[in-house]
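> 3D, please:
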Amino acid sequence: MLAAAALAAIFALGGAASAATIVLDGSKDIRLTLNDVSNVVLSFSIDASAASYTNSGGYIKWSTREDGRQDADGPWGTCLECGYSGGDWAMSYDPYSSSNTLSSDLKLDFGKTLESVYVWIRPTYGTGTVSYDDGSQGAPDIAAVPLPAGGLLLISALGAAALLRQRQRARKAG
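Just a heads-up that it's a prediction; the model follows:
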């Protein structure tokens with residue numbers, strides 16, 4: 001009964017789209033791992049309430065390979081600059097002049113649903129935030145239990161239940 005409730009909860013959570021907001025500080029690359037997606041929409045912004053001039057900019061690379069390379073590349077090692085181009089962003093805030101504090105949405109369309117996509121967000125200057133909604137069929141941050149381990153756990157639980165039932169029958173008979 002408890003196992004059935006746990007499985008129902010897992011499948012109920014699997015239908016939610018994944019969304020997040022991440023702070024970009026211009027010195028750290030961010031890597032998103034997205035699962036079962038056909039596209040992702042990235043929205044960049046900077047804090048317009050800042051008291052002085054500020055800006056933010058950078059670019060996006062993506063790959064279906066964890067090493068960052070394009071699909072046709074050989075096994076030449078990790079190269080985060082070798083993936084597919086996803087576009088760039090540039091924003092500025094000037095309290096004394098016109099400003100661009102929100103970027104237009106940057107949409108990465110992969111053309112089909114992909115099992116895993118790795119998206120590198122490369123801020124090159126300034127600070128800001130990026131928000132994304134990938135429309136996936138599950139949250140990308142939850143690690144899956146490998147099938148052999150899950151099967152072993154299920155068989156162990158069923159065996160323990162059968163053993164307990166056998167002991168109860170033996171006590172009633174004896």
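> so which elements touch the longest strand along the chain?
What stands out as the longest strand in the chain, according to DSSP state E, is strand 106-126. Packed against strand 106-126 by the contact rule (3 or more CB pairs under 8 Å, 6 or more residues apart in numbering; DSSP states H and E) you find strand 19-24, strand 30-45, strand 54-63, strand 84-93. Yep, even glycine has a C-beta here, placed from its N, CA and C like the rest.
> hmm, who's touching the third one?
So the one you mean is strand 54-63. 24, 26, 42, 44, 46-47, 68-70, 80-93, 106, 108, 117-128 (CB atoms under 8 Å, 6 or more residues apart in numbering).
> quick one, which of these are buried?
24, 42, 44, 46, 68-69, 82-84, 86, 89, 91-93, 106, 108, 117-123, 126-128 (16 or more other CB atoms under 10 Å).
> name the helix or strand of the protein that has the lowest mean pLDDT.
When each helix and strand of the chain is scored by mean pLDDT, DSSP states H and E, helix 2-13 comes last, with a mean of 36.
> got CSV for the helices and strands packed on strand 106-126, with mean pLDDT and distance to Ala161 too?
Output for these, formatted as CSV (pLDDT from 0 to 100; distance: least, CB to CB, whole Å):
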stretch, mean pLDDT, distance to Ala161
strand 19-24, 83, 39
strand 30-45, 91, 33
strand 54-63, 90, 45
strand 84-93, 89, 50
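> I'd like these written out as TSV, with distance to Arg169 added.
Formatted as TSV, these follow (distance: least, CB to CB, whole Å):
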stretch	distance to Arg169
strand 19-24	52
strand 30-45	45
strand 54-63	57
strand 84-93	62
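> any idea which of those strands gets closest to Tyr132?
Closest to Tyr132 of the helices and strands packed on strand 106-126 is strand 30-45 (CB to CB; 5.0 Å).
> for that closest one, buried residues please.
Under 16+ other CB under 10 Å, the buried positions of strand 30-45 are Ile30, Leu32, Leu34, Asn35, Asp36, Val37, Asn39, Val40, Leu42, Ser43, Phe44, Ser45.
> farthest pair within these?
Maximum distance among those (CB to CB): 27.1 Å, for Asp36 and Ser45.
> just checking, Leu108 touches Val40?
Yes. Look at Leu108 against Val40 with CB atoms under 8 Å: they come within range, at 5.1 Å.
> and stretch 78-92, C-alpha only, in CSV?
In CSV, the C-alpha atoms belonging to stretch 78-92 read as follows (Å, rounded to 0.1, in the frame of the first residue of the first chain):
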residue,chain,number,x,y,z
THR,A,78,35.5,18.2,-23.1
CYS,A,79,35.0,21.5,-25.1
LEU,A,80,32.2,23.7,-23.8
GLU,A,81,32.9,26.2,-26.7
CYS,A,82,32.3,23.5,-29.3
GLY,A,83,28.5,23.0,-28.9
TYR,A,84,25.7,24.6,-30.8
SER,A,85,25.2,28.4,-30.6
GLY,A,86,22.1,29.4,-28.7
GLY,A,87,22.3,33.2,-29.0
ASP,A,88,23.4,36.0,-26.7
TRP,A,89,22.0,38.8,-24.5
ALA,A,90,23.1,42.3,-23.5
MET,A,91,21.3,44.7,-21.2
SER,A,92,22.1,47.9,-19.4
